[in-house]
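A.B. asks: next input, structure requested:
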Amino acid sequence: MCAFRHTSRRNIISQEIRETLTGAVDLILPFKCAVCGNVSDTKDRFGDYDRLYQELYGKEPELHICGKCLSEFTACEEIRRWLLCLSEPVENDPVPGLPLYTPFAYTGIAEKCIPKIKFGKQIELARFFGCVMGSLLAKDGICADLMVPVPLSSSRLEERGFNQAGEIAYPVARLNGIPYAEDCLIRTRDTKRQSEIDNRFKRASNMKGAFSVSSEWDVTGLTIAVVDDVVTTGSTLHEAAAALKKAGAADVLCIAFAGNRTVKNAEPF
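C.D. replies: Predicted coordinates for the structure are as follows:
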């Protein structure tokens, strides 16, 4: 009994020491903003996000963003979030008029964050993007039967460690009560990075036939939202949508967190 008391007391003291040391370290080495690297001052105002993250992932988030960067996350007005998927429509398009929903311009804060997610492996930023976009979809009343992320090739997934489109799509699906189908779309072949190709025709050719629908899924007659992180020419989302339509999907909505286009050219989905 005495040994038990002694051990318990020692554990209590150890916990107190740990908490004191943690507080001291925080003062010496404060949290850094995931975007700009400056000291983050958002610890006390992330309460709602902390609770949401805990519900979605069963643990506390490790994301810290300074007030300045946080204030730059401003979505486009609703009417400007709707575009055509392809920046320049083509003749004999098998899936013409695909609608695209993209709430943020690929400038400023989004342009800073996307490379950090893709090449800096900041998965927490991708999840934050998903939560932000999920709330916007809910406000805009967007519905679907299934939410599908654009898949990475196996080699790219192994290199990165996660699929940023999936990390964005998952909280969007959960926040809107839409079933999430991570493995619905599959890559049929490796492709070059779209960001390394500056010609829209070559981009379209690079993605041609790059996706198919898994035999494990029946999408016949469904309305499907297909999600990616960024859209420029729209070739990647277009090919993903084409594969879903070929497999029998009734309607496909393309969604990207950010895009480089600002002209409204499609009615809401």
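A.B. asks: and for Tyr180, the neighbour number?
C.D. replies: Each residue near Tyr180 was counted by other C-beta atoms under 10 Å, and the total is 17. To be clear about C-beta, it is placed using only N, CA and C from the backbone, and glycine gets the same treatment.
A.B. asks: and it, backbone torsions?
C.D. replies: phi -100, psi 130 (degrees, to the nearest 10).
A.B. asks: hmm, it is touching Ala173, no?
C.D. replies: Yes: using C-beta atoms under 8 Å, Tyr180 is in contact with Ala173, at 3.9 Å.
A.B. asks: list residues touching both of those two?
C.D. replies: Contact criterion C-beta atoms under 8 Å, 6 or more residues apart in numbering; residues shared by Tyr180 and Ala173: Met147.
A.B. asks: element containing the spatially most central residue of the chain, please.
C.D. replies: The chain has Ile168 as the residue nearest its centroid, 2.1 Å off, counting by C-alpha atoms, centre = their mean. Counting by DSSP states H and E, the element that carries Ile168 is helix 164-175.
A.B. asks: show me the chain divided up by domain.
C.D. replies: 2-70, 76-259 (automatic domain parsing).
A.B. asks: okay, those domains, which one's buried deepest?
C.D. replies: Highest mean neighbour count of the domains of the chain: domain 76-259, a mean of 19 (counted as mean count of other C-beta atoms under 10 Å).
A.B. asks: how far does it stretch from one end to the other?
C.D. replies: Across its full length, domain 76-259 reaches 11 Å between end residues, using C-alpha to C-alpha, to the nearest Å.
A.B. asks: what does stretch 151-169 give?
C.D. replies: End residues of stretch 151-169 are separated by 11 Å (C-alpha to C-alpha).
A.B. asks: show me the shaky parts of the stretch 101-250 of the chain.
C.D. replies: Low-confidence segments of the stretch 101-250 of the chain, defined by pLDDT under 70: 189-209.
A.B. asks: what segments of it are strands?
C.D. replies: Counting by DSSP state E, counting those that start in this stretch, the segments of the stretch 101-250 of the chain that form strands are 104-105, 146-149, 185-187, 211-213, 223-231.
A.B. asks: need those in JSON lines (columns: distance to Ala256).
C.D. replies: Shown next, in JSON lines, are those (distance: least, C-beta to C-beta, whole Å):
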{"stretch": "strand 104-105", "distance to Ala256": "9"}
{"stretch": "strand 146-149", "distance to Ala256": "11"}
{"stretch": "strand 185-187", "distance to Ala256": "15"}
{"stretch": "strand 211-213", "distance to Ala256": "16"}
{"stretch": "strand 223-231", "distance to Ala256": "4"}
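A.B. asks: out of the ones you listed, nearest to Ser71?
C.D. replies: Shortest distance between Ser71 and those, using C-beta to C-beta, is found for strand 104-105: 14.0 Å.
A.B. asks: which elements pack onto the closest one?
C.D. replies: Other elements packing on strand 104-105 under the criterion 3 or more C-beta pairs under 8 Å, 6 or more residues apart in numbering; DSSP states H and E are strand 251-259.
A.B. asks: how far off helix 164-175 does the strand it packs on point, in degrees?
C.D. replies: Strand 251-259 and helix 164-175 are oriented at 110 degrees to each other (axes from the mean of the first three to the mean of the last three C-alpha atoms, to 10 degrees).
A.B. asks: run the chain-centre distance for strand 251-259.
C.D. replies: 11 Å (C-alpha atoms, centre = their mean, to the nearest Å).
A.B. asks: let me see the mean pLDDT of it.
C.D. replies: Here strand 251-259 scores 95 as its mean pLDDT.
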